[in-house]
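Trainee: Curious how this folds, go ahead:
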Amino acid sequence: MTGLTLPPVPEPYHLPFHYGALHNIGVDYLVDPGPVQELLAERHPALAAADFDGRACVSLNYQLYFAQYPNGGGITEEVEINVIAHPRNAADRLPDVGYGQYARGHDRTGLLGIARLHVLCDNPLAIDAGSRLYAEPKYPGWFVTQLPSLNAAAVRDHWSFSCRRAALETVGAVGAERAGAGDPPTGLRRYEEELLAVEADLAGLDGEPVVNTPITGYGTEKEGRLLAGPLIVHQPYRFHPLDDRTAGRVRLTLGDRTAEAVGDLARLVGDAPAAGVWTYQSAPVAAHHRPYYLP
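Mentor: Next up, the predicted model:
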């Protein structure tokens, strides 16, 4: 026995958190490890950046997900700015894998995980839950997207999201009364200022199914204690490796670099090309079909 205890689960939350549907795109960049290690030492001192043939990996992870609750449902959008990292004291337990092997799920130790640097989210409840449960550096943002959808046949293999500035605000008494017991009585004030945007045109690119979860998400509490939370996606992702010929299919646009998340991303990624894209779309569970006339 190690004597370690599990982190508490504060009210009103319950774990595990079940996703009713998930639509997800991640873009990976192989970058100079120096600035990455410096930022990790500041934000997650117990972690070290993964070494992929002398490069570190910065990953953008956009999610659109649905969750069902006893009193209704909720839709959340968020984007994580992550570094692929591992605990410093576990370096001797890591397999020797390159980026392509990591992206395809060859590391089954779960030690190579995502060190969250910034998480921008449009759901005040999810901001509170992520911060309190998983020590995520999570704060408000909102999104304009174009995603592949069975309900829009013309949009195929084209992903784009724009993350824009937002602020949390306290709602009025009516809104607070309508909130569920224990829910933070907050709303979201949206601004048009774009922080970052990603556009990926994957049409015609080869992709392959990969089983790369559980994904270990690392957080560092204010007291400096490191915690890890696994995310298990129950179906394979689709991975698109990129090279010099295809990296231009992904475009990253950065806004005001005085915003901390944007400035960190500019510092870490710079003009590095994308190295890979992974996508996930939940399968539909039902379809409402075209009507017909009765005589």
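Trainee: Strands along the stretch 51-200 of the chain, start to end?
Mentor: 56-69, 72-87, 113-121, 138-146, 158-170, 186-201 (DSSP state E, counting those that start in this stretch).
Trainee: Would you mind finding the most buried of the ones you listed?
Mentor: Ranked by mean neighbour count under mean count of other Cβ atoms under 10 Å, the strands of the stretch 51-200 of the chain are led by strand 113-121, which reaches a mean of 25. For the C-beta atoms, the positions are set from N, CA and C on the backbone; glycine is no exception.
Trainee: Parallel or antiparallel, list what pairs with it.
Mentor: strand 72-87 (antiparallel), strand 138-146 (parallel), strand 215-220 (parallel) (DSSP bridges).
Trainee: between the longest one and strand 56-69, how big is the angle?
Mentor: Put simply, strand 72-87 runs at 150 degrees to strand 56-69, going by axes from the mean of the first three to the mean of the last three Cα atoms, to 10 degrees.
Trainee: Contact partners for Ala56?
Mentor: 30-33, 36-37, 49-50, 83-84 (Cβ atoms under 8 Å, 6 or more residues apart in numbering).
Trainee: TSV for these, including distance to Ile232, secondary structure and pLDDT?
Mentor: Converted to TSV, the contacts of Ala56 look like this (distance: Cβ to Cβ, whole Å; DSSP: H, G, I helix; E, B strand; the rest coil; pLDDT from 0 to 100):
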residue	distance to Ile232	secondary structure	pLDDT
Leu30	26	strand	98
Val31	28	strand	98
Asp32	32	coil	97
Pro33	29	helix	98
Val36	26	helix	98
Gln37	29	helix	97
Ala49	24	strand	98
Ala50	20	coil	97
Val83	21	strand	98
Ile84	18	strand	98
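Trainee: Out of those residues, which end up buried?
Mentor: By neighbour count, with 16 or more other Cβ atoms under 10 Å, the contacts of Ala56 hold 30-31, 33, 36-37, 49-50, 83-84 as buried.
Trainee: give me the number of residues near Leu227?
Mentor: 15 (other Cβ atoms under 10 Å).
Trainee: Let me know the helix or strand that it is in.
Mentor: strand 226-231 (DSSP states H and E).
Trainee: ok, so what distance separates the spatially closest residue to Glu78 that is not a sequence neighbour from Gly26?
Mentor: Nearest non-adjacent residue to Glu78, counting by Cβ to Cβ, 6 or more residues apart in numbering: Cys121, 3.8 Å away. Shown here: Cys121 relative to Gly26, a distance of 16 Å by Cβ to Cβ, to the nearest Å.
Trainee: do the same with Leu242
Mentor: In terms of Cβ to Cβ, Leu242 sits 12 Å off from Gly26.
Trainee: which neighbours do these two share?
Mentor: Contacts common to Leu242 and Gly26, judged by Cβ under 8 Å, 6+ apart, are Val277.
Trainee: out of the two, which sits in the busier spot?
Mentor: Comparing Leu242 with Gly26 by other Cβ under 10 Å, the one with more neighbours is Gly26, at 25 against 20.
Trainee: wait, doesn't that one sit right on Ser59?
Mentor: Yes: the pair Gly26 and Ser59 passes the contact test of Cβ atoms under 8 Å, sitting 5.7 Å apart.
Trainee: pull the CA atoms of stretch 285-295 into PDB?
Mentor: What follows is stretch 285-295 as a C-alpha-only set of coordinates in PDB (Å, rounded to 0.1, in the frame of the first residue of the first chain):
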ATOM      1  CA  VAL A 285     -28.200   6.400 -32.600                       C
ATOM      2  CA  ALA A 286     -31.400   7.200 -34.600                       C
ATOM      3  CA  ALA A 287     -32.600   8.900 -37.800                       C
ATOM      4  CA  HIS A 288     -35.900  10.700 -38.500                       C
ATOM      5  CA  HIS A 289     -36.700   9.900 -42.100                       C
ATOM      6  CA  ARG A 290     -38.400  11.800 -44.900                       C
ATOM      7  CA  PRO A 291     -42.200  11.900 -44.600                       C
ATOM      8  CA  TYR A 292     -44.500  10.500 -47.300                       C
ATOM      9  CA  TYR A 293     -48.100  11.300 -48.300                       C
ATOM     10  CA  LEU A 294     -51.000   9.100 -47.500                       C
ATOM     11  CA  PRO A 295     -53.800   8.700 -50.000                       C
END
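Trainee: mind starting the numbering at 38 from now?
Mentor: Fine by me, first position is 38 from now on; the one you just mentioned is stretch 322-332.
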